[in-house]
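Trainee: I need the structure of the sequence given here:
(3 chains, ligands or ions: 2)
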Amino acid sequence: MKDVVISRLGELVEGLAKKDEQKKAWEDFLVEFAEVCGKSDLKEKLKAPISNLLDRISEKELSDGIELLHEKLDNFPTVDVYKAIIEALGKKNDEYLVKIAELRDVLSELSTPIIHLWQDVLLAPVIGTLDSQRAQNMAEKLLENIADTRAKVVIVDVTGVSMIDTIVGEFLIEMFSAVKLLGSDVILTGIKPEIAHTLVKLGIDFNMVIIKRDLESALKYTIGKFSKGTEKKQSNTKRGDIDEN
Amino acid sequence: MKTKFTMVVPTIKLYDYLIVPIQIELDDLTIEKLQMQLLNEISEKKIRGIILDVSMVDVIDSYISFVLSETAAMAKAMGCHTVICKIQPQVALTLAQMGIKLKDVFTANSLEGAVDILNRLD
Amino acid sequence: MDDKNFNDIDININDYDIVLKIKDENDIAVSRQMAKSFAQKNNFSLADVTKIATAVSELSRNIYRYAKEGYIYIKKKETEPDKDVSIEIIAYDRGPGIENVEQAVAGGYTTSERSLGLGLSGIRRLIDSFYIKSEVGKGTVVMAEKRRRRF
Ligand SMILES: Nc1ncnc2c1ncn2[C@@H]1O[C@H](COP(=O)(O)OP(=O)(O)O)[C@@H](O)[C@H]1O
Ligand SMILES: [Mg+2]
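Mentor: Numbers count the residues shown, from 1 in each chain, chains lettered A, B, ... in the order given. Ligands and ions are numbered 1, 2, ... in the order given. Alright, predicted model coming up:
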């Protein structure tokens, strides 16, 4: 078999493909095939060559090609080859699934943006369904942001969330107390009744978070707080000035 | 001024505040010594506010938390407030997840923020 | 060193990447530093590195404080090379054991004078799976596993 394949290599390749690229792909495959055919555990040994071939030609081209080889070569191990193809396709499918999961993570990352509203204020709008993975990623990202920007206030807006389960509720509460440990204030806005219910059931400490109805009142509150802070600073400086004179 | 206690962390006095940048590994013995040092400094140097900068501390477990809170409570009894500043974000997350509260301390995310808090407590 | 045997738990020390004897106060800090760099080397997120190091710190302190001495074992687990990676931590001692394990794990309970009683309950929250076995007069084994998260 091996010798037959090698001696007819040129002819077989011509029959299998038209374009040079594909011809090369088939040639590589046939050489690898010739190497392993007749050996025991053929299916296992064919997996890698088949998988390589699949990277370079389409599934249709592959099945047409295998049909041709089946006709042209006596004793072509069609069954083993197809078994190897099925497994290689299964593996490719798994890889796609992993890719899709990764993409979903990237998307969820994008959908938990953290917006630096101004100097001392960060806004974290939460959109869509929060699962524990996303909640943890968000918590980590938010805390790093606070540490980097030294924001004094973080507004977490959950208007876009209709429900949370207990686990996610716990993550949120932990995130709030972590924010407090960093020395920043948390304002929570846009809570729907279901979420309020979950948070209260989990024993959220309302001394820890300031609740505002919507983003607008959160912003008003923040601005009010800061302007008071500045006033106080100014009066401090005045006192200092008098002392110096 | 002669100090009778072991200094485990060099401190900086600013007005009547004491800035304590912790740049060493807080093993159990060290944190005990640090507690002694701080309480002594409060009384000797007439400190009214302590600022613990923990930005270099990468693990704070339940015992370290306990000693920090305990120190703050003792300081409070001596008329001195404690602010812990610049807790690493991942340390804050870990403490929060463990359900550990830093009792009797204020927190700030910068030195200026810590000074602000102490000023406001006057 | 012999293999450690604790009723139904067999610990084959050859399986572990890190084996630490805890008998000194100093060993607590050493163990958490080792755990930290091990988790870092295995590409855990910064937050998870900290959680692992903190859990090990709690476990070593419990050994030192309540059992006087014992061991910390740490290893990396994976289903395929670099797939579904997790870190397993075992704390093992032949100390006095815990009378009421449920109470000790629930949190807020401590037999120590200066302590929060939030070590074991905290570890449980920090990691993904947790197992404890303790027998009065025999000793205590805690197993904790943290999976590496995908980003
Ligand atoms: N290895 C151990 N051996 C014996 N008792 C232990 C051990 N670990 C924990 N305990 C018991 O469980 C209690 C709770 O432990 P933990 O949650 O770590 O809190 P803490 O150490 O602050 O008391 C301890 O007070 C102690 O009585
Ligand atoms: Mg403990």
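
Trainee: List the buried residues for stretch A:60-70?
Mentor: By 16 or more other C-beta atoms under 10 Å in any protein chain shown, the buried positions in stretch A:60-70 come out as A:61, A:62, A:65, A:66, A:69. C-beta coordinates here come from the backbone N, C-alpha and C atoms, glycine included.

Trainee: Spatially nearest residue to the residue of chain C found nearest chain B, not counting backbone neighbours?
Mentor: Residue of chain C nearest chain B, by C-beta to the nearest C-beta: residue C:122 (3.1 Å). Residue nearest to residue C:122 in three dimensions, not counting chain neighbours: residue B:98, with 3.1 Å by C-beta to C-beta, 6 or more residues apart in numbering or on different chains.

Trainee: mind listing what that neighbour touches?
Mentor: When contacts are counted by C-beta atoms under 8 Å, 6 or more residues apart in numbering or on different chains, residue B:98 touches B:62, C:54, C:118, C:121, C:122, C:123, C:125, C:126.

Trainee: Now do the fourth one, the pLDDT please.
Mentor: If I follow you right, that is residue C:121. We have a pLDDT of 98 for residue C:121.

Trainee: tell me the SS of it?
Mentor: helix (DSSP: H, G, I helix; E, B strand; the rest coil).

Trainee: my read: it touches residue C:102, true?
Mentor: No. Counting by C-beta atoms under 8 Å, residue C:121 stays clear of residue C:102, with 11.0 Å between them.

Trainee: neighbour count winner among these two?
Mentor: residue C:121 (21 against 9; other C-beta atoms under 10 Å in any protein chain shown).

Trainee: quick one: the strands in chain B?
Mentor: Ranges of strands within chain B are B:12-14, B:17-21, B:49-53, B:81-85, B:106-108, based on DSSP state E.

Trainee: try chain A
Mentor: Under DSSP E, chain A gives strands at A:115-118, A:121-127, A:153-160, A:185-189, A:209-212.

Trainee: can you list the weak-confidence ranges in the chain?
Mentor: In the absence of a named chain, chain A is used. A:104-111, A:227-245 (pLDDT under 70).

Trainee: That was the other one, I meant chain B.
Mentor: B:1-4.

Trainee: The helix of greatest length in it near chain C at all?
Mentor: Scanning chain B for the helix with the most residues, using DSSP state H, yields helix B:28-45. Yes. With C-beta under 8 Å from any C-beta of the partner chain as the criterion, chain C is reached by helix B:28-45 at B:28, B:29.

Trainee: which ones are touching residue C:63?
Mentor: C:22, C:69, C:70, C:71, C:72, C:91, C:93, C:95.

Trainee: how about the residues of chain B that lie near chain C?
Mentor: Counting by C-beta under 8 Å from any C-beta, chain B sits next to chain C at B:25-29, B:58-63, B:65-67, B:70, B:88-91, B:93-94, B:97-100.

Trainee: Just the ones of the buried residues of stretch A:60-70 in helices?
Mentor: Those of those mapping onto helices are A:61, A:62, A:65, A:66, A:69, per DSSP H.

Trainee: Run through the bridge partners of the residue most central in space within chain B.
Mentor: In chain B, the centroid-proximal residue (C-alpha atoms, centre = their mean) is residue B:52; its distance is 3.5 Å. Counting by DSSP bridges, residue B:52 forms beta bridges with residue B:20, residue B:84.

Trainee: so how far is residue C:141 from whatever residue of chain B ends up closest to ligand 1?
Mentor: Proximity of chain B to ligand 1 (C-beta to the nearest ligand atom) peaks at residue B:62, 5.7 Å away. Residue B:62 sits 20 Å away from residue C:141, taking C-beta to C-beta, to the nearest Å as the criterion.

Trainee: Same question for residue C:65.
Mentor: In terms of C-beta to C-beta, residue C:65 sits 16 Å off from residue C:141.
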